[in-house]
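Engineer: dropping a prediction and its sequence here:
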Amino acid sequence: MSKALYPLVAIVGPTASGKSALGIHLAGQFDGEVLACDSTQVYRGFDVGTGKVLPAEHRGIPHHLLDLLEPQEVFTAGEYRRRALDVLEGVRQRGKLPILTAGTGLYLRALLEGLSDAPTRSEELRERLRQRAVKKGPGWLHRILHRLDAERAAQVSAADTPKLIRAIEVCLLAGRPASEVYRAGRPRLEGFAPIKVGLMPARTALYERIEQRVRAMLDASWTGEVQRLLAAGIPETAKPWQFIGYAELRAHLRGVVSLKEAIKTIQRKTRHYAKRQITWFRKEPGVEWFHGFGNDPEITEAVAAFLRQRLSTGRSASASGNHP
């Protein structure tokens, strides 16, 4: 493997499409190591509901970028990029093939394309904006952003409070429109040639797999995990409580909703999340798409054959790729 242009495999696709299983399989075949690219799996203690592969199922394959921080800590796409770059360099020095299992499109974009050099978060400013928004009512944040940066305001829904707050925060802290800040990107990933593989199961089959997966997570003591997290005193303001399923199971344990209602809500939200992922990854350039699940033997064979060809020719992932 050339140090000048080292291959990097990135597996993309919606939740429950089998990215982790495929990543482990390919790592075994191609002497690789797996790098998680998931905004939920960086938090310790939130394991079952985030779909972390158990260490016993790693098959001896090193896994990286999991369990990086405590639930109360703040993590950003920029911080993910910094940590991932360090891990990638270590994998390259060991002569292994890095294989990203990417469920969070923003993290993948941050790593491959870089991010704007935006100001770091200010929790004090964010809290002030949240409080003012409650007092001023719906639409206030969007009106403020429009005054500061009409271009960015046109891109953000008036109902998307987190994005509105972040955009206003960037405007105020940077002293210029957020749209200008976002256009000033960091350098793209250097020294690596990404090879992008996409999993795109049939929609009906994917939704069935999602329902099965939610029930399998519950069978794997997801509720017990939530009980332990509550007993540990994890603050309700901690970001992981916002992850799909955790708030619903917490409400169930407190007697607010039945388990049946919680399961239906989790399944529905997961389907909607999968749709958003599909929309995001369809726009990702240079992806070779495979229409099935990552643990399907036919798919794993096809992907392995594709990788053997790509790795032998050394072509970069800048080609247009197939379309889903």
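Structural biologist: Everything's here; your move.
Engineer: quick check: domain ranges of this structure?
Structural biologist: 6-115+186-313, 123-183 (automatic domain parsing).
Engineer: so where do the helices sit in the stretch 201-324 of the chain?
Structural biologist: 203-219, 222-231, 246-253, 259-282, 297-313 (DSSP state H, counting those that start in this stretch).
Engineer: got a markdown table for these, with mean pLDDT, distance to A77 and mean neighbour count too?
Structural biologist: For glycine as for every other residue, the C-beta is placed from the backbone atoms N, C-alpha and C. Shown next, in a markdown table, are the helices of the stretch 201-324 of the chain (pLDDT from 0 to 100; distance: least, CB to CB, whole Å; neighbours: other CB atoms under 10 Å):
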| stretch | mean pLDDT | distance to A77 | mean neighbour count |
| --- | --- | --- | --- |
| helix 203-219 | 97 | 25 | 16 |
| helix 222-231 | 97 | 25 | 16 |
| helix 246-253 | 97 | 21 | 20 |
| helix 259-282 | 97 | 13 | 17 |
| helix 297-313 | 95 | 26 | 14 |
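Engineer: of all those helices, which lies closest to A21?
Structural biologist: Counting by CB to CB, A21 lies closest to helix 297-313 out of those; the figure is 8.2 Å.
Engineer: my guess is A232 meets F46, correct?
Structural biologist: No. Under the criterion of CB atoms under 8 Å, A232 makes no contact with F46, lying 11.3 Å away.
Engineer: higher neighbour count, the two?
Structural biologist: Neighbour comparison, A232 and F46: the larger count goes to F46, with 24 against 9 (by other CB atoms under 10 Å).
Engineer: what does stretch 235-255 rub up against?
Structural biologist: Stretch 235-255 is contacted from outside by 40, 43, 45-46, 49-50, 71-72, 74-75, 214, 217, 222-223, 226-227, 229-230, 234, 257-259, 261-262, 265-266, 269-270, 273, using CB atoms under 8 Å, 6 or more residues apart in numbering.
Engineer: for V91, see how far away E288 is.
Structural biologist: With distances taken as CB to CB, to the nearest Å, E288 is found 22 Å from V91.
Engineer: same check on F306?
Structural biologist: For F306, the distance to V91 - CB to CB - is 21 Å.
Engineer: ok, D219 next?
Structural biologist: Counting by CB to CB, the gap from D219 to V91 is 34 Å.
Engineer: again with A153
Structural biologist: Applying CB to CB to A153 and V91 gives a distance of 41 Å.
Engineer: helix or strand with the lowest mean pLDDT in the protein?
Structural biologist: Lowest by mean pLDDT, DSSP states H and E among the helices and strands of the chain is helix 178-183, with a mean of 85.
Engineer: for L68, give me its contacts.
Structural biologist: L68 neighbours (CB under 8 Å, 6+ apart): 42-44, 75, 83.
Engineer: just the buried ones from these?
Structural biologist: For the contacts of L68, a burial check counting by 16 or more other CB atoms under 10 Å picks out 42-43, 83.
Engineer: ok, back up a step: can you pull the buried residues of the least confident helix or strand of the chain?
Structural biologist: Buried-residue list, helix 178-183, by 16+ other CB under 10 Å: 178-179, 181-182.
Engineer: now stretch 21-39
Structural biologist: Within stretch 21-39, the residues that qualify as buried are 21-27, 30, 32-39, counting by 16+ other CB under 10 Å.
Engineer: and what of stretch 135-154?
Structural biologist: 140-142, 144-146, 148-149, 152-153.
Engineer: perfect, that will be all.
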